[in-house]
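>>> Here's a sequence, model it:
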Amino acid sequence: MEQEKKGKEFQSGSKKSIKKYRNLLFLLPIILVGIFIYQFVFNTEKQSREVMKNYTSLNIDRLNQNQSEGLYKLCKVWGFVKYYHPNVTKNNIDMDEELLILIPEVLESKNQKEVDQILVQWIGDLGKIDIRSKEIKNTKKVKISSSLDWIGEEKFLDEELKESLIKIQKSKIDKTEKYVKLTPNVGNPIFINEKEYNDMDYSDKNYRLLGLFRYWNAIEYFFPYKYLIDENWDEVLKVYLPEFIQGDDMNSYNYVFNGLTRCIKDDHATLYKPGVGNLVIESLGDRFIPLHFNILDDKVVYVEGFLNNEVNDSNFKVGDVVLKINGEDIDDVITRLEELYPQQNKNHKNVVIRYLLNRTKEEKVEITFKRDEEINTEDIVSIHKNKMNYDNEDKKSHEMIGNNIGYINPGNLKKNEINKIMEKFLNTKGIIVDLRNYPSDFIVFSLGKYLMPEPTEFAAFTIPSLEIPGQFAFTSSIKVGAKNPDYYKGKVMILVNKYSQSQPEYTAMALRVAPNAVVLGTPSNGADGNVSKLTLPGGFITSFTGIGVYYPDGGETQRVGIIPDVIVKPTIEGIREGRDELVEKAIEVIENK
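Numbers count the residues shown, from 1 in each chain. Below you'll find the model as predicted:
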């Protein structure tokens with residue numbers, strides 16, 4: 001019995017051991033795969049760390065022809081691979097690190113054949129890729145596509161490099177890009193995983209070139225208005241390659257980058273450092289002359305106080321024509337400022353005058369001005385930017401003016417206030433919507449529903465493709481309004497001017513399709529569409545328009561602006577008399593309907 005008992009215990013123990021071993025055998029492949037993955041990742045990171053550990057900064061002040069051609073080629077190939085190669089996302093490849101390794105190799109190459117071989121080897125090291133079984137076709141109307149003709153361009157790349165790039169072009173691109181995603185329900189690009197390098201050594205030309213390459217390719221593949229850039233974008237790259245090599249400090253880096261961002265002629269284009277601001281503007285001083293200037297009758301004129309900051313103890317009056325600032329002729333001042341802040345569009349001088357002319361380092365600024373035929377000079381006390389009064393509470397969001405006419409100032413609206421305002425204005429003779437400022441509340445659809453008898457097309461967008469980087473296709477037309485037999489029957493006057501930019505322009509596009517709408521004033525600025533931001537080496541941030549905005553028939557708004565139905569320009573005489581000539585004309589049109 002004892003032996004039988006032991007035998008049963010042995011059999012039971014054997015079964016448990018076999019089951020245990022079976023479990024271990026089942027887990028063994030998983031454990032081995034885990035070890036393999038760990039070793040692969042660890043070794044890859046270790047190799048990467050070793051490469052960067054041996055990294056040395058690049059100090060070079062001049063490029064020879066071979067180096068210029070090599071860097072130009074590298075920029076285009078690197079950017080194409082960054083946005084087209086599926087393994088960049090799949091294998092989590094650090095494209096910055098890849099570039100920092102490639103730049104010295106390209107610069108040391110003896111000729112372009114060596115450059116091509118370096119790039120072929122590099123692309124091969126990124127791993128195998130799968131080719132698409134069929135070509136990707138966008139079912140929507142395509143507005144623009146980034147030209148990839150350079151890949152097949154004769155004598156630019158050797159055959160082996162061409163084949164490598166064509167294979168990438170035909171690969172299966174993962175929509176979950178490592179460096180770009182699209183804003184939900186809008187479509188403008190969001191640039192992600194771009195390193196800041198806040199402690200960047202500005203004398204290291206590797207990182208300066210990284211900044212150039214990162215920005216140039218973001219515009220190449222994700223700027224909806226690249227076709228409107230005055231200069232050939234490839235030629236811009238060639239011009240700026242030696243520019244980025246020059247200089248060894250933050251100011252020189254900022255200055256050359258500022259010039260590059262202005263090349264795209266987009267008034268959404270900015271360059272700033274968080275916590276500091278735009279270095280070019282900040283270099284003008286941290287104080288403000290508490291005056292707003294404008295161009296009227298081709299003259300620089302003082303038109304109003306800067307927000308609620310008044311000019312104390314001065315004979316300087318609204319309507320005075322500025323002749324000199326601190327003894328410098330006003331035309332020379334503007335020319336100097338335009339060189340600091342290069343031209344973007346036809347309204348550029350107005351932008352310079354509005355945002356730059358009143359910046360100063362001095363506590364007192366001497367202004368020579370003309371009133372009628374008399375010339376005078378006044379010392380105006382400037383205000384430190386931290387002591388400026390930005391309060392606009394004294395300005396109303398709406399009021400009744402003239403003979404039963406409603407006036408709306410969207411720049412001072414509270415959230416959803418437009419509904420209460422329209423309840424008051426439904427039985428008025430006319431409504432004036434003043435879009436010479438930036439709306440504090442988005443009123444395109446909330447106001448539009450009162451003005452339209454039915455949904456009406458007013459705009460169309462183009463958004464980028466992640467499957468075919470560089471391609472922008474139209475969305476369905478955007479509509480405003482709803483089925484409303486009791487829509488507002490009075491005249492709707494929409495005021496715009498050269499300072500109406502972005503949301504005011506989009507709002508004007510929507511409201512002008514109302515049956516009784518008239519746009520009045522001067523052409524708007526011409527920069528519409530949601531803004532995308534890109535982080536640059538050195539901790540800088542730049543921005544640009546991320547989606548295209550057009551009329552339903554495809555008509556342009558970028559660099560064109562909203563063209564009024566009735567042109568009205570303010571005059572010096574009107575400013576001096578305290579009259580708003582645009583509002584006066586709007587009232588006249590309403591009264592004479």
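
>>> Can you give me the neighbour number for residue 569?
Residue 569: 12 surrounding residues under other Cβ atoms under 10 Å. Heads up, the C-betas are built off the backbone N, CA and C, glycines and all.

>>> What of residue 339?
Counted with other Cβ under 10 Å, the neighbours of residue 339 add up to 10.

>>> avg pLDDT for the strand or helix carrying it?
Take DSSP states H and E as the rule and residue 339 turns out to sit in helix 330-340. Regarding helix 330-340, the rounded mean pLDDT is 88.

>>> And for stretch 189-207?
Averaging pLDDT along stretch 189-207 gives 96.

>>> Check stretch 483-497 too.
What stretch 483-497 shows for mean pLDDT is 97.

>>> From start to finish, how long is that stretch in a straight line?
End-to-end distance for stretch 483-497, by Cα to Cα, to the nearest Å: 31 Å.

>>> Please identify the buried residues of that stretch?
The neighbour-count check on stretch 483-497 (16 or more other Cβ atoms under 10 Å) flags 487-488, 490-497 as buried.

>>> per-residue confidence for residue 128?
At residue 128, pLDDT is 92.

>>> Check the gap between it and residue 332 for me.
As defined by Cβ to Cβ, to the nearest Å, residue 128 lies at a distance of 62 Å from residue 332.

>>> And the two? Which one has more around it.
Using other Cβ under 10 Å, the more surrounded residue of residue 128 and residue 332 is residue 332, with 11 against 8.

>>> and the strand or helix carrying residue 210, C-alpha only, in PDB?
With elements taken from DSSP H and E, the one containing residue 210 is helix 205-222. The C-alpha coordinates for helix 205-222 follow below in PDB (Å, rounded to 0.1, in the frame of the first residue of the first chain):
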ATOM      1  CA  LYS A 205      27.100  74.700 -38.200                       C
ATOM      2  CA  ASN A 206      25.500  71.200 -38.000                       C
ATOM      3  CA  TYR A 207      22.600  72.500 -35.900                       C
ATOM      4  CA  ARG A 208      22.300  75.700 -38.000                       C
ATOM      5  CA  LEU A 209      21.900  73.500 -41.100                       C
ATOM      6  CA  LEU A 210      19.500  71.200 -39.200                       C
ATOM      7  CA  GLY A 211      17.300  74.300 -38.600                       C
ATOM      8  CA  LEU A 212      17.400  75.200 -42.300                       C
ATOM      9  CA  PHE A 213      16.700  71.700 -43.500                       C
ATOM     10  CA  ARG A 214      13.800  71.200 -41.100                       C
ATOM     11  CA  TYR A 215      12.100  74.400 -42.000                       C
ATOM     12  CA  TRP A 216      12.700  74.200 -45.800                       C
ATOM     13  CA  ASN A 217      11.200  70.700 -46.000                       C
ATOM     14  CA  ALA A 218       8.200  71.600 -43.700                       C
ATOM     15  CA  ILE A 219       7.300  74.300 -46.300                       C
ATOM     16  CA  GLU A 220       8.100  72.100 -49.200                       C
ATOM     17  CA  TYR A 221       5.600  69.400 -48.100                       C
ATOM     18  CA  PHE A 222       3.100  71.200 -45.800                       C
END
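
>>> Going by contacts, tell me the helices and strands next to it.
If contacts are counted by 3 or more Cβ pairs under 8 Å, 6 or more residues apart in numbering; DSSP states H and E, helix 205-222 sits against helix 65-84, helix 95-108, strand 189-191, helix 233-245, helix 250-262, strand 531-536, strand 540-545.

>>> tell me which residues of that helix are tucked away?
By neighbour count on 16+ other Cβ under 10 Å, the buried set for helix 205-222 is 205-222.

>>> what's the answer for stretch 531-548, then?
Within stretch 531-548, the residues that qualify as buried are 531-532, 534-548, counting by 16+ other Cβ under 10 Å.

>>> can I get the CA coordinates of stretch 110-129 in CSV?
Only the C-alpha atoms of stretch 110-129 are listed here, as CSV (Å, rounded to 0.1, in the frame of the first residue of the first chain):
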residue,chain,number,x,y,z
LYS,A,110,35.4,64.6,-53.0
ASN,A,111,32.6,64.8,-55.6
GLN,A,112,28.8,64.3,-56.1
LYS,A,113,29.3,60.6,-57.0
GLU,A,114,30.6,60.1,-53.5
VAL,A,115,27.7,62.0,-52.1
ASP,A,116,25.2,59.8,-54.0
GLN,A,117,27.0,56.6,-52.6
ILE,A,118,26.8,58.0,-49.1
LEU,A,119,23.0,58.5,-49.5
VAL,A,120,22.5,55.1,-51.1
GLN,A,121,24.3,53.4,-48.2
TRP,A,122,22.3,55.5,-45.7
ILE,A,123,18.9,54.7,-47.3
GLY,A,124,19.8,51.0,-47.4
ASP,A,125,20.7,51.0,-43.7
LEU,A,126,17.2,52.3,-42.9
GLY,A,127,15.8,48.8,-43.7
LYS,A,128,13.7,47.1,-46.2
ILE,A,129,10.3,48.5,-47.3
